[in-house]
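A.B. asks: generate coordinates for the sequence data below:
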Amino acid sequence: MKTIRLTMAQALVKFLENQYISVDGETHRFVKGAFGIFGHGNVVGLGEALESSEELTFFQGNNEQGMAHAAVAYAKQKKRQEIFAVTTSIGPGAMNMVTAAATATVNRIPVLLLPGDIFASRQPDPVLQQVENPTDLTISANDAFKPVSRYWDRITRPEQIMTAALNAMRVLTNPANTGAVTLCLPQDVQAEAYDYPVDFFRKRIHYMDRLTPETAAVTRAAELIQKSRKPLLICGGGVRYSEAGEAFAAFAEAFQIPFGETQAGKGTLPWDHPLNLGGMGVTGNQAANRIAREADLVIAVGTRLGDFTTGSKTAFGEGSIPIIGLNVLDFDAWKMDGLPLVADAREGLNALRQALEKTGYQASHGDRIDTEQAAWRQEVARLYETDWAEGLSQTRVLGELNDHLLDDSAIVVGASGSLPGCLQRLWKTKKADGYHMEYGFSCMGYEVSGTLGVKMAAPEREVYAMVGDGSFVMLHSEILTALQEKIKINVLLFDNSGYQCILNLQRSKGIHDFANEFRYRGENSGRLDGNYVPVDFAAIGAGYGMKTYRVSTIEELREAVEDAKKQTVSTLIDIKVLPGSMTGGYDSWWRVGVPEVSQNPDVVKAHEEMTEQVKKARPY
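C.D. replies: Numbering: from 1, shown residues only. Predicted structure coming up:
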């Protein structure tokens, strides 16, 4: 057997250089490059190997969570068919990446995380930044990645990288059980050499085959649909990742079944499709939620049925109406006691359509779809056009951006705060994949970093971070990476002086305003109830080297956006919007833990209301 002597880190890099993926007969390189921040735990081991690589482009990150978010966003925008590796040092550098690992795994997005680890030999223990566990010396800080990784391993001998790397690819290329893959790399083992078989580094093609449904399962699902008169489709992220948009539309049109969209599924089909009811659930709209309440069957395609989509299990029909779970992951297909149809979204929809077409089935919603769509579009127009005497409202700004300023090919990126609700309800997606929302984890700080990853995935399109001031303050470090790489991103910063969506939630449960706005501490009250803290976010962006703008009127917004389009450098538009000027809930309910006892009678009343709503919810 022919061998080649390499360090473990060199072997890993050489292996990654030769991984390819094949989807529907098209083959391309799977690992596009690596993000990293170097420290003593990875710079002389994996860093040396990456420096020598001619295939993997290295991007210097500026915050471990931020650069990993960029990698996640890249893979999400690429429909999970290309990924980045991400490397950190040990200790705090690795720990900063745990949040991003959870973001990837919750959203079913592949990312390869390579945190440095403590010495396998233990000779210099405790090394700088080591977390010691006196009862178990095999534990390091990197064990924190275990619950948020789809696959986790620690390489304590150089030859172990072979089985670990193959298992990593098994998970990273799996359309069902994918997410964060974490390979912990002890810094001494990174530099240890081994005689690796040359065959280990051959070109490997990983086939992302489509899972076809069982005939009997299709028959069961078709029979259940035939019993329904008012079924509802849900378009989840799995429809997008399996590139099943055409199949989904064909299925809906064949049987005249309306559909609602999840945050991950939105943008797969255009906003004005005749059967598109828009956003579904807590951050959805009244059209989708009203039709859902009238439904006698739900066909959930490619969605994990989170509480926002299901209105904490109160959104669908009267009582426990049947649900068909069409999902490539059986765990999701079985949710809410659904009838599972385990398959790739495209293959499952096509098989189900063929079975139903033989029966002459048609849904019977009458004029309800047109009526509710028309009513909702009137509400959107009202929100888009309403001016507030005190200043700009968030919905007015979004209307101006959507209808007049952003090109149809633009991609908007979001994750947290009040903007995801406004965007799911109001944003009119016109071109496929123009809506990129991380809402499985709703991770504050994803927006700016994610916009970098999306722009790297779609360099031909303008990409805009839709970010609130709270999330921007939390994490915007990858602006520096964008500028360094001359990758143009656009940050639309909605400054509403704090965490206004959480303030709304607080108020809705009878709780007095408390610590959710950026205010000075009151001299007399001792609480954070003084004047707003004025922050010049444009100055922050300018300090990095961005082209920046300050906006407080519609005219200024128009001028800023049009000028930003002409720029070749990254831009930031600091938009001052009024607190509380976002959309509210539309015929939906979300369960949160309201205190059962309180000195505040409004809180007690809110708890009683919650208890009544829970009685209406499906129990499982």
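A.B. asks: hey, let's count contacts and neighbours off CA atoms from now on
C.D. replies: Fine.
A.B. asks: and the strands in the stretch 251-400 of the chain?
C.D. replies: 259-261, 276-279, 297-301, 323-327, 339-342 (DSSP state E, counting those that start in this stretch).
A.B. asks: neighbouring strands of the third one in the sheet, and parallel or not?
C.D. replies: If I follow you right, that is strand 297-301. strand 231-235 (parallel), strand 323-327 (parallel) (DSSP bridges).
A.B. asks: not counting the last one itself, show me its contacts.
C.D. replies: To tie it back to what came earlier, the one meant is strand 323-327. 221, 238, 297-303, 332-345, 348 (C-alpha atoms under 8 Å, 6 or more residues apart in numbering).
A.B. asks: give me the mean pLDDT for the helix or strand encompassing Ala34.
C.D. replies: If you go by DSSP states H and E, Ala34 is part of strand 31-36. Per-residue pLDDT values over strand 31-36 give a mean of 98.
A.B. asks: other SSEs contacting the helix or strand just after that strand?
C.D. replies: Proceeding N to C from strand 31-36, the next assigned helix or strand is helix 46-51, under DSSP H and E. Helices and strands touching helix 46-51, as assessed by 3 or more C-alpha pairs under 8 Å, 6 or more residues apart in numbering; DSSP states H and E, comprise helix 8-17.
A.B. asks: skipping adjacent residues, who's closest to Ala288 in space?
C.D. replies: Closest residue in space to Ala288, ignoring its immediate chain neighbours: Leu277 at 4.9 Å, by C-alpha to C-alpha, 6 or more residues apart in numbering.
A.B. asks: from Gln256, how far out is that neighbour?
C.D. replies: With distances taken as C-alpha to C-alpha, to the nearest Å, Leu277 is found 12 Å from Gln256.
A.B. asks: surely Ser471 touches Met444?
C.D. replies: Yes: taking contacts as C-alpha atoms under 8 Å, Ser471 lies within contact range of Met444: 5.0 Å.
A.B. asks: contacting residues for the residue nearest to Ala288?
C.D. replies: So Leu277 contacts 258-261, 287-288, 369, 373 (C-alpha under 8 Å, 6+ apart).
A.B. asks: where does pLDDT dip in the stretch 51-200 of the chain?
C.D. replies: For the stretch 51-200 of the chain, no stretch is flagged by pLDDT under 70.
A.B. asks: now do the strands in it.
C.D. replies: 57-60, 83-88, 111-117, 151-154, 180-186, 193-197.
A.B. asks: could those strands be laid out in a markdown table, adding distance to Asn490 and mean neighbour count?
C.D. replies: What follows is the strands of the stretch 51-200 of the chain, written out as a markdown table (distance: least, C-alpha to C-alpha, whole Å; neighbours: other C-alpha atoms under 10 Å):
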| stretch | distance to Asn490 | mean neighbour count |
| --- | --- | --- |
| strand 57-60 | 19 | 17 |
| strand 83-88 | 22 | 28 |
| strand 111-117 | 24 | 29 |
| strand 151-154 | 34 | 21 |
| strand 180-186 | 27 | 28 |
| strand 193-197 | 45 | 17 |
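A.B. asks: of the ones you listed, which is nearest Gln599?
C.D. replies: strand 180-186 (44.3 Å; C-alpha to C-alpha).
A.B. asks: contacts for that closest one?
C.D. replies: With C-alpha under 8 Å, 6+ apart, strand 180-186 has contacts from 41, 101-102, 104-105, 109-120, 142, 145, 148-156, 164, 168, 171-172.
A.B. asks: so what are the sheet partners of that strand and their directions?
C.D. replies: In the sheet, strand 180-186 lines up with strand 111-117 (parallel), strand 151-154 (parallel) (DSSP bridges).
A.B. asks: what residues are up against Pro134?
C.D. replies: Under the criterion of C-alpha under 8 Å, 6+ apart, Pro134 has no neighbours.
A.B. asks: kindly apply the preceding question to Gly417 instead.
C.D. replies: Applying C-alpha under 8 Å, 6+ apart, the residues near Gly417 are 444, 468, 471, 499-502.
A.B. asks: next step: those residues restricted to strands.
C.D. replies: Members of the contacts of Gly417 lying in strands (criterion: DSSP state E): Gly468.
A.B. asks: ok, and the most crowded of the contacts of Gly417?
C.D. replies: Gly468 (28 neighbours; other C-alpha atoms under 10 Å).
A.B. asks: which non-adjacent residue is nearest that residue?
C.D. replies: Per C-alpha to C-alpha, 6+ apart, closest to Gly468 is Phe494, 4.7 Å.
A.B. asks: out of the strands of the stretch 51-200 of the chain, flag the one nearest Met610.
C.D. replies: That would be, of the strands of the stretch 51-200 of the chain and by C-alpha to C-alpha, strand 180-186, which comes in at 35.5 Å.
A.B. asks: compute the inter-axis angle for the closest one and helix 8-17.
C.D. replies: 150 degrees (axes from the mean of the first three to the mean of the last three C-alpha atoms, to 10 degrees).
A.B. asks: re earlier: just the buried subset of the contacts of strand 323-327, please.
C.D. replies: 221, 238, 297-303, 332-336, 338-345, 348 (16 or more other C-alpha atoms under 10 Å).
A.B. asks: for the stretch 201-350 of the chain, which segments count as helices?
C.D. replies: 215-226, 237-241, 245-255, 286-294, 307-310, 330-333, 345-357 (DSSP state H, counting those that start in this stretch).
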